[in-house]
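>>> got a structure for you, letters missing:
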């Protein structure tokens, strides 16, 4: 059974968190939500509450606290997900532990899924330059606007994934056009051309973002099985 | 400031709950989530936990418990929302308090929003016959498949609402076609033809369901203001 570590913090966008978690569970992925606490000025973690107070006031109880994570957590999961929400994404992107985890998932060729403002973590984790998407509100900081599913390896961009991307061609063109701009904000590593980027810029693309993760972790057939009972209106770009 | 009472129970579909709550908050609607406990065989309410364990395992802390609700709560809110999730919808639809509340909101001409399996509550609350939508899984029980926003009065079906509905024409045709079938399961009251039904059959239509509520409570301009920063892919039927 594939597994995913889904981060949550005070200020996390609750739709983005919930849509990804719920959709992955539907696909049979074992999901673990982990609360990330803000670091204080001395770099120490602040006390952690029992619930995450999300961006629009919904309070969610995380599965585990930050103290239950470490560098070795990379070996326990197949993917790490960083949802948006300005305050939550700021906390995550500034967390040394999150930066270590993202770098670890990336270097082990596992999925790193970032949506909306969550893409800030790609910058603070110093991932190699590559296509990214983000919410427009953090476009300036990333000097580019668009979130990402990032995967090392040539086998990620499946024909079906390409078909999905073309449906959102407006966003995708923007992503492709701006990859070089984004690159300046990352390390000097060469762009890994075989990596894929699925445009997911905010809550409005949280479903296709989640489905792309399902496809990556469980295959195209599982993706179809998960989409069907959700009863999307015909014509929805997924 | 408009206000909405959003029900939650063990087994509630967390995406449907969260998308509606979050979207209404973005529109400036004061939202209150209320935990509904299952009734035991003697009709007494069972002890209530501090969190709702939703359908895919996400634990959400409700704003108020059922004990803080009563018949008079109808006067405090402009809308009541019943999300889906098979087990949660079953608990809500069988709750005498929920039935009283839904009937109260309906009779006072306020919004009653039901999505997915939540539409079962229209039947148990004995609302007058009218177009309804629901998740296909409860189609047999409602003898019709499709959820609803129900409103008494002639001013609900705005031109913009109609335009939205046409975008989901496949679902809408089904709703219109089956209204008479559905009617047999409700009371013998005449169908209120001026009421509107926005097709929302599952998580896949939770966004347009929420936007229709925003438009009803806050107007068409506010709806546009809320949709824009969510960054939906172009072509999404909303």
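Nice, thanks for sending it over. Given the structure is predicted, the values throughout are model-derived calculations rather than measurements.
>>> low-scoring pLDDT stretches of chain A, where are they?
Residue ranges of chain A with pLDDT under 70: A:40-48, A:128-136, A:138-201.
>>> Helices of chain A, start to end?
A:14-26, A:86-94, A:96-107, A:120-124, A:139-142, A:159-167, A:169-183, A:206-218, A:220-227 (DSSP state H).
>>> and the first one, what does it pack onto?
Right, the one you point to is helix A:14-26. Packing partners of helix A:14-26 (3 or more C-beta pairs under 8 Å, 6 or more residues apart in numbering or on different chains; DSSP states H and E): strand A:3-8, strand A:30-35, strand A:59-61, helix A:206-218, helix B:14-26. Backbone N, C-alpha and C define where each C-beta goes, glycine included.
>>> Dump the ones you listed into CSV; add mean neighbour count and distance to residue B:83 as well.
CSV is the format used below for those (neighbours: other C-beta atoms under 10 Å in any protein chain shown; distance: least, C-beta to C-beta, whole Å):
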stretch, mean neighbour count, distance to residue B:83
strand A:3-8, 24, 20
strand A:30-35, 21, 20
strand A:59-61, 21, 15
helix A:206-218, 25, 17
helix B:14-26, 28, 4
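>>> Of these, which is nearest residue A:119?
Of all the helices and strands packed on helix A:14-26, helix A:206-218 sits nearest to residue A:119, with 11.2 Å by C-beta to C-beta.
>>> and the direction of the closest one versus that of helix B:14-26, what angle?
150 degrees (axes from the mean of the first three to the mean of the last three C-alpha atoms, to 10 degrees).
>>> next one: phi and psi at the closest residue to residue A:235 other than its chain neighbours?
In space, and not counting its chain neighbours, residue A:235 is closest to residue B:237: 5.2 Å by C-beta to C-beta, 6 or more residues apart in numbering or on different chains. Dihedral angles of residue B:237 (phi, psi; degrees, to the nearest 10) stand at phi -70, psi 110.
>>> so residue B:237 touches residue A:238, yeah?
No. Between residue B:237 and residue A:238 there is no contact, the gap being 11.6 Å when judged by C-beta atoms under 8 Å.
>>> Tabulate the helices and strands packed on helix A:14-26 in a markdown table, adding columns for distance to residue B:222.
A markdown table is the format used below for those (distance: least, C-beta to C-beta, whole Å):
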| stretch | distance to residue B:222 |
| --- | --- |
| strand A:3-8 | 28 |
| strand A:30-35 | 32 |
| strand A:59-61 | 25 |
| helix A:206-218 | 21 |
| helix B:14-26 | 9 |
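>>> Quick one, which of these gets closest to residue B:114.
Among the helices and strands packed on helix A:14-26, helix B:14-26 comes nearest to residue B:114, with 10.2 Å by C-beta to C-beta.
>>> Next, the angle strand B:3-8 makes with that closest one.
Put simply, helix B:14-26 runs at 170 degrees to strand B:3-8, going by the same axes, to 10 degrees.
>>> Now do helix B:14-26 against helix B:86-94, angle only.
60 degrees.
>>> tilt between helix B:14-26 and helix B:220-227?
Going by the same axes, to 10 degrees, helix B:14-26 makes 120 degrees with helix B:220-227.
>>> what's the burial count for the closest residue to residue A:12 other than its chain neighbours?
Once flanking residues are discounted, residue A:12 sits nearest to residue A:88: 3.4 Å by C-beta to C-beta, 6+ apart. Residues near residue A:88, counting by other C-beta atoms under 10 Å in any protein chain shown, number 30.
>>> May I ask you to confirm that residue A:88 is in contact with residue A:55?
Yes. Here residue A:88 reaches residue A:55: they are 6.7 Å apart, a contact under C-beta under 8 Å.
>>> between the two, what contacts are shared?
Contact criterion C-beta atoms under 8 Å, 6 or more residues apart in numbering or on different chains; residues shared by residue A:88 and residue A:55: A:11-13.
>>> Out of those, which comes closest to chain B?
Comparing the shared contacts of residue A:88 and residue A:55 against chain B with C-beta to the nearest C-beta places residue A:13 closest, at 7.7 Å.
>>> Correct me if wrong: that closest one contacts residue A:88.
Yes. When contacts are counted by C-beta under 8 Å, residue A:13 is listed as touching residue A:88 (6.9 Å).
>>> give the contact list for the nearest residue to residue A:5 once chain neighbours are set aside.
Using C-beta to C-beta, 6+ apart and skipping the chain neighbours, the partner closest in space to residue A:5 is residue A:77 (4.3 Å). Contacts for residue A:77 (C-beta under 8 Å, 6+ apart) come out as A:3-5, A:32, A:105, A:110.
>>> got it, and residue A:24?
A:4, A:6, A:31, A:210, A:213-214, A:217.
>>> could you pick out which of those residues are near chain B?
Checking those against chain B by C-beta under 8 Å from any C-beta of the partner chain, the ones in range are residue A:31.
>>> could the contacts of residue A:24 be laid out in CSV, adding distance to residue A:119?
Formatted as CSV, those follow (distance: C-beta to C-beta, whole Å):
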residue, distance to residue A:119
A:4, 17
A:6, 15
A:31, 20
A:210, 16
A:213, 15
A:214, 20
A:217, 20
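>>> In the contacts of residue A:24, find the pair that's most separated.
A:6 and A:214, at 13.4 Å, using C-beta to C-beta across the contacts of residue A:24.
>>> Residue A:204: which of the contacts of residue A:77 is nearest?
Looking across the contacts of residue A:77 and measuring by C-beta to C-beta, the closest to residue A:204 is residue A:4, at 21.5 Å.
>>> So what sits opposite the closest one in the bridge?
residue A:31, residue A:79 (DSSP bridges).
>>> you'd agree it is up against residue A:82?
No. Residue A:4 is beyond contact range of residue A:82, at 11.4 Å (criterion: C-beta under 8 Å).
>>> Residue A:58: neighbour count?
When neighbours are counted by other C-beta under 10 Å, residue A:58 registers 29.
>>> Leaving out chain neighbours, which residue sits closest to it?
residue A:14 (4.4 Å).
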